[in-house]
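Visitor: give me coordinates for this.
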Amino acid sequence: MLTQQDLEAKGLSATLLTHPLVVHKLTLMRDKTLSSAAFRMLLREISWLLCFEVTKDLPLEMRAVETPVAPMEGPVLKGKKLAFISILRAGNGLLDGMLDVIPSARVGHVGLFRDPKTLQAVEYYYKVPSNMHDRLIIVVDPMLATANSAIAAVERLKQGGAKNMRFVCLISSPEGIKAFNEAHPDVNVVTAAVDTHLNEHGYIVPGLGDAGDRIFGTK
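Guide: Next up is the predicted model:
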């Protein structure tokens, strides 16, 4: 697996989350014998920590409140509610945990499947909140492999008016980060791991297999 220094040396732009709880849980998730129930729970737990990282610089404003003891001013989030956009179907595995942390967030979905021959993304569903141009948009998908789906989803969101976006994934490949950086240099990538490479089928190595199949118990 690559480190933050490795990414910088390769000229790749991504924020690598190395919290001990994240890397511990991710190692457990990689085990092919892990049940779907345990996989979903670990993904949900990691998504909480990823959510804290990707939202750590949200703007704040002061609001007057009265505690049981005395009046005061305290910080609250400023501006329109942010939106989580899940790339179907595997993105919902991260989305559930993100909503645990920010339940008031708006939610959208982009449905894409990867053509097995060309590995290109094909859109089949698109439903997002209004006023995308006024919101911070956090796009979620567990795997950034070839990045074709992520690139297509972000491009579609830009066409819909989104201007301030971030992309969050569990595992990424150097090839995927490079392609995403080239297509969307204005969108920061936050990831829990950068594995070594893609295989001939476009899967991340060592990876954890197909995230959607492991979340939902399908083959």
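
Visitor: what's next to the longest helix seen in the chain, contact-wise?
Guide: Ranked by residue count, the top helix of the chain under DSSP state H comes out as helix 36-54. Residues from elsewhere that reach helix 36-54 (Cβ atoms under 8 Å, 6 or more residues apart in numbering): 15, 17, 19, 21-22, 25-26, 28-29, 34, 93-98, 100-102, 138, 140, 142, 166, 168, 170, 190, 192, 214-217. C-beta here means a position set from N, CA and C on the backbone, and glycine is covered the same way.

Visitor: may I have the beta-bridge partners of the residue positioned nearest the centre of the chain?
Guide: When Cα atoms, centre = their mean is applied to the chain, the residue found nearest the centroid is Val168 (2.2 Å). Val168 has these beta-bridge partners by DSSP bridges: Val140, Val190.

Visitor: mind checking how far it is from Phe180?
Guide: Distance of Val168 to Phe180, computed by Cβ to Cβ, to the nearest Å: 12 Å.

Visitor: which neighbours do these two have in common?
Guide: Val189.

Visitor: helices or strands next to the next helix-or-strand element following the longest helix of the chain in the packing?
Guide: The first helix or strand that comes after helix 36-54 along the chain, using DSSP states H and E, is strand 60-66. Under the contact criterion of 3 or more Cβ pairs under 8 Å, 6 or more residues apart in numbering; DSSP states H and E, strand 60-66 touches strand 71-77.

Visitor: what sits up against the helix or strand that comes right after the strand it packs on?
Guide: Using DSSP H and E, the helix or strand that follows strand 71-77 in sequence is strand 83-88. Strand 83-88 is contacted by residues 91-92, 94-95, 98-99, 102, 105-112, 125, 128-129, 132, 135-141, 149-150, 153, 157 when judged by Cβ under 8 Å, 6+ apart.

Visitor: now swap in stretch 200-219 and tell me
Guide: 29-30, 32, 34, 36, 39-40, 43, 89-90, 92-93, 114, 119, 142-143, 145-146, 170-173, 176, 195-199.

Visitor: coming back round to it: keeping just the C-alphas, turn the longest helix of the chain into PDB.
Guide: In PDB, the C-alpha atoms belonging to helix 36-54 read as follows (Å, rounded to 0.1, in the frame of the first residue of the first chain):
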ATOM      1  CA  SER A  36     -21.800  -9.500   4.600                       C
ATOM      2  CA  ALA A  37     -23.300  -8.400   7.900                       C
ATOM      3  CA  ALA A  38     -19.800  -7.800   9.500                       C
ATOM      4  CA  PHE A  39     -18.600  -6.200   6.200                       C
ATOM      5  CA  ARG A  40     -21.500  -3.700   6.300                       C
ATOM      6  CA  MET A  41     -20.900  -2.800   9.900                       C
ATOM      7  CA  LEU A  42     -17.200  -2.200   9.500                       C
ATOM      8  CA  LEU A  43     -17.900  -0.100   6.400                       C
ATOM      9  CA  ARG A  44     -20.400   2.000   8.300                       C
ATOM     10  CA  GLU A  45     -17.900   2.500  11.100                       C
ATOM     11  CA  ILE A  46     -15.100   3.600   8.800                       C
ATOM     12  CA  SER A  47     -17.500   5.900   7.000                       C
ATOM     13  CA  TRP A  48     -18.000   7.900  10.300                       C
ATOM     14  CA  LEU A  49     -14.300   8.600  10.400                       C
ATOM     15  CA  LEU A  50     -14.100   9.400   6.700                       C
ATOM     16  CA  CYS A  51     -17.000  11.800   7.200                       C
ATOM     17  CA  PHE A  52     -15.100  13.600  10.100                       C
ATOM     18  CA  GLU A  53     -12.100  14.000   7.800                       C
ATOM     19  CA  VAL A  54     -13.900  15.300   4.700                       C
END
